[in-house]
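Got a predicted structure here, sequence first:
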Amino acid sequence: MGRRIAFISEHASPLAALGGADAGGQNVYVGEVARQLALMGYQIDIFTRREDKKLPQVVPFGDNIRIIHVNAGPAEDIPKETLLQYMPAFKTDMLCFMEKEQLSYDLVHANFFMSALVAMELKKETGIPFVVTFHALGHIRRIHQGDNDQFPKERITIEENAVKEASLVIAECPQDREDLMKYYNAPAEKITIIPCGVNTDELYPVNKSVARSLLGLPYDEKVLLQLGRMVPRKGVDNVIRALAKVRCRNAKVRLLIVGGDADTAKELARLKQLADDLKVSDKVYFLGQKSRKDLKYYYTAADLFITTPWYEPFGITPLEAMACGTPVIGSNVGGIKFSVADGHSGALVPPKDPDALARRITALLQSPAVLREMGNNALRRVNKLFTWELVARDMQTVYERIIGNDDTSSPKNLRAEESISL
Ligand code: UDP
């Protein structure tokens with residue numbers, strides 16, 4: 001029997017539909033890392049909050065993986081900002097499950113600060129060690145979102161304590177590591193950089209004409225794609241503002257916006273209004289959430305993938321675009337400046353700067369040969385550096401170091417240096 005690992009991901013289940021307000025990268029990460037680790041022989045249970053009364057407690061999620069729905073708060077979809085109060089119940093229900101099944105775990109992998117709180121409490125009661133991936137840090141959110149940040153102020157203290165109590169903290173990129181050291185006093189030797197990845201069985205290049213035809217898109221227009229959760233910090237407004245300034249000789253340009261659901265209706269309405277105000281609503285197509293199996297068509301159909309958030313803990317969507325052979329223009333922040341090599345697999349621009357973005361879009365759209373070369377580079381880069389198989393291999397090194405009680409004093413930053421230099 002392989003090692004038993006408990007993933008805790010209190011608000012982000014791999015079973016959720018993605019692209020609304022709260023379901024995005026973390027859901028993908030937890031599902032994909034678990035899947036790869038299970039292939040290596042680990043037994044994984046993913047504990048996530050029950051958001052629907054009808055869901056069974058245990059749902060198999062492929063060989064060696066189960067999703068365990070935990071009773072903690074109302075069994076309905078509620079904003080993640082309100083969930084902290086239910087974490088004591090989460091821990092108790094998790095312990096009940098372990099008791100009922102007569103099982104324990106070799107290690108807990110906590111995802112996000114509330115799961116880290118549960119992991120700390122579990123450690124106190126059972127002695128099970130934990131590692132944590134924060135996915136986002138309260139301090140950084142506060143800097144960028146100010147009073148719009150609705151998370152309880154205890155978040156930062158919880159994160160500080162988790163840094164102290166965890167056996168290891170997994171940073172997703174060098175910026176994340178720097179932030180953990182600067183704002184949380186995390187000792188360098190307690191942090192390992194393991195980036196996110198992409199599933200290349202799900203996201204790969206298809207024939208561009210076929211993709212356009214399947215999606216009902218014209219062949220003779222230039223297509224820009226923005227895809228992700230529709231929340232203000234993703235800077236979708238910046239892309240619309242840039243579109244209004246793009247001038248492309250000989251071709252019309254359209255912008256596809258994928259993502260957004262009823263929970264993000266307010267942000268969608270704001271973006272539609274902006275497109276109206278800037279007189280580009282005939283060029284902007286709001287397409288709503290799309291399922292994973294269709295994403296490769298959207299990514300491949302696009303000439304450029306654009307993502308210009310204010311800040312980004314990692315950002316999986318640039319990897320997904322690159323895996324489909326599509327160059328990325330992204331903001332020069334966080335994980336994006338790590339995953340996208342400027343001038344090689346795409347371009348980096350300052351966030352909140354529509355003029356700079358419009359200039360890069362215009363220049364690239366008018367250089368098809370450069371775009372083609374960047375697309376090829378992007379595909380090579382992502383396959384070499386950012387697959388979930390590679391992520392899981394790094395994770396295994398970390399887990400075994402902790403479970404096997406190996407020396408944790410000097411974890412290597414695994415593939416980080418290599419990625420930067422490419
Ligand atoms: N996503 C999706 N369908 C949609 C919109 C988004 O499957 O309609 C997925 C997207 O493909 C990516 C994830 O949601 O895998 C967003 O992750 P990312 O790390 O880019 O952003 P986060 O949600 O973590 O802020």
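Right, received. Where do you want to start? Numbering: from 1, shown residues only.

gap between the helix or strand containing Ala392 and the chain center?
Assigned by DSSP states H and E, Ala392 falls within helix 388-403. Helix 388-403 has its C-alpha centroid displaced from the chain centroid by 19 Å (CA atoms, centre = their mean, to the nearest Å).

which residue of this structure sits farthest from its center?
Asn250 (36.2 Å; CA atoms, centre = their mean).

And for Thr362, the neighbour number?
17 (other CB atoms under 10 Å). Any C-beta I mention is one placed from the backbone N, CA and C, and that applies to glycine too.

Leaving aside the residues adjacent along the chain, what's closest to it?
Closest residue to Thr362 apart from its sequence neighbours, by CB to CB, 6 or more residues apart in numbering: Val246 at 5.3 Å.

My assumption is that the one you found lies in a strand; please confirm.
No - read with DSSP: H, G, I helix; E, B strand; the rest coil, Val246 is coil and lies in no strand.

give the contact list for it.
The contact partners of Val246, by CB atoms under 8 Å, 6 or more residues apart in numbering, come to Val253, Ala358, Ile361, Thr362, Leu365.

Got phi/psi on Leu348?
phi -110, psi 140 (degrees, to the nearest 10).

Kindly report the same for the one 4 residues further on.
With angles defined as degrees, to the nearest 10, Lys352 shows backbone torsions of phi 50, psi 40.

how close does it sit to the ligand?
17 Å (CB to the nearest ligand atom, to the nearest Å).

Grab the nearest non-local neighbour of that residue.
Excluding the flanking residues, the one nearest Lys352 by CB to CB, 6+ apart is Asn238, at 5.9 Å.

check whether the helix or strand harbouring that neighbour contacts the ligand.
Assigned by DSSP H and E, Asn238 falls within helix 236-243. No - on the criterion CB under 6 Å from any ligand atom, helix 236-243 is out of touch with the ligand, staying 11.7 Å away.

contacting residues around that helix?
Residues outside helix 236-243 that contact it (CB under 8 Å, 6+ apart): 224, 226, 230, 253, 255, 257, 267, 270-271, 274-275, 278, 280, 283-284, 306, 308, 351-355, 357-358, 361.

of these, buried ones?
224, 226, 230, 253, 255, 257, 267, 271, 274-275, 278, 280, 283-284, 306, 308, 351, 353-354, 357-358, 361 (16 or more other CB atoms under 10 Å).

returning to what we had before: any chance of the contacts of Val246 in TSV, with secondary structure and distance to Ile158 too?
Output for those, formatted as TSV (DSSP: H, G, I helix; E, B strand; the rest coil; distance: CB to CB, whole Å):
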residue	secondary structure	distance to Ile158
Val253	strand	45
Ala358	helix	41
Ile361	helix	40
Thr362	helix	45
Leu365	helix	45
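
and which of those is nearest the ligand?
Proximity of the contacts of Val246 to the ligand (CB to the nearest ligand atom) peaks at Ile361, which lies at 19.6 Å.
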